[in-house]
Structures are given as C-alpha cells and as structure tokens.
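Undergrad: the sequence isn't on hand, but the structure is:
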Ligand SMILES: [Zn+2]
C-alpha cells in the first residue's frame, strides 16, 4: 500500500515531516471576510468554504447555516453540491471550511471533531467570544485528532 493511501483524493500539498516553523499564509481579505460573515450572522454560527488552487486561496464562498443555531452548523447537501460544482468548474479545490463560535473560543468542539470528514481541508474557526477582538485559528482534524496550523495573515 502506498504511503499516501490515507490521503484521499490526492493533489494536496505535501506536508513536511516533523515540526517546522511553517505557517499557513492567508490573505487579509479572506481572514476579514470570515470575521465579517461571523459578525453578520451572530449570534448564530456562520459557515462557508475557502476555495483555492495550489497554495493560494481564490474565493471565499459563504454558505447558509441550515441549523440557524448559535451552537452548531451544517450546510444543506443541495447547497454543498452547488459549491462543489462552482469550485470544480473554476478548476479550484476546496482548501478550507470555516465556521464561527459566537460564545466560545476558536477551538474545535467535540461535535466539530466528530463531524469533521475532510482530512485534507483546513478547518478555520472564528471566535467572537471577545467581540472587540475576534480570533481566527485553523486546524487539521484527522481521525479525531486536532492539530493546529499556525496562520500568517498577509497582504
Ligand atoms: Zn464549532
């Protein structure tokens, strides 16, 4: 069995082995776009997708939180299919999935971990716990394990 057998669809970036001081670079416009979305939908959680190609983000696609809830989120399959189609037609990939926590920290909840089915994506979390100082963090969630990906906001 090849080493990358657990890697799913493939085509993702090759991750270095071991600990390196590498941050994931995200342009300020996308970071601010996620925070803005979180603020607009508060107190409910917001959610959406970041599309990209190679190491670069190309579009923030907002989704509707079908739960309309401050405690959880989901995207209807019909809307998700529309997003997949848009991303695919543009020759992009889904690089990240974001949602907000309006009352708690920017850390995946047990539910987030349980529902995380996308080992190649980065899970972005916006926290509005301190409304004056929103927080954005990102994680890989694989097999129930949470690993933070340090973010560098650029541009
Ligand atoms: Zn959550």
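TA: Here it is on my side, so go on. This one's a predicted model, so the numbers in the text were calculated from it and none came from an experiment.

Undergrad: check what pLDDT the residue nearest the centre of the chain gets.
TA: The structure's the chain has its C-alpha centroid closest to residue 97; by CA atoms, centre = their mean the separation is 2.6 Å. pLDDT for residue 97: 96.

Undergrad: residue 15 too?
TA: 53.

Undergrad: circling back: so which strand or helix has the residue nearest to the centre of the chain?
TA: In this structure, residue 97 sits in strand 93-101 according to DSSP states H and E.

Undergrad: and whichever helix or strand comes after that strand, what's buried?
TA: For strand 93-101, the following helix or strand on the C-terminal side (DSSP H and E) is helix 110-115. For helix 110-115, burial by neighbour count (16 or more other CB atoms under 10 Å) applies to 112, 113. (Each C-beta comes from the backbone N, C-alpha and C, glycine too.)

Undergrad: not counting helix 110-115 itself, show me its contacts.
TA: Around helix 110-115, the neighbours that count as contacts under CB atoms under 8 Å, 6 or more residues apart in numbering are 72, 99, 123, 125, 141, 144, 146.

Undergrad: also stretch 62-74?
TA: By CB under 8 Å, 6+ apart, stretch 62-74 touches 37, 41, 43-49, 75-76, 79-80, 83, 99, 102-103, 111.

Undergrad: quick one: buried ones out of these?
TA: By 16+ other CB under 10 Å, the contacts of stretch 62-74 give 37, 41, 44, 45, 46, 47, 48, 49, 75, 83, 99, 102 as buried.

Undergrad: identify the farthest-apart pair in those.
TA: 83 and 102 (22.7 Å; CB to CB).

Undergrad: of the contacts of stretch 62-74, which belong to helices?
TA: If you go by DSSP state H, the contacts of stretch 62-74 have 37, 41, 79, 80, 83, 111 in helices.

Undergrad: identify the residues contacting the second one.
TA: Taking CB under 8 Å, 6+ apart as the definition of contact, the neighbours of residue 41 are 65, 100.
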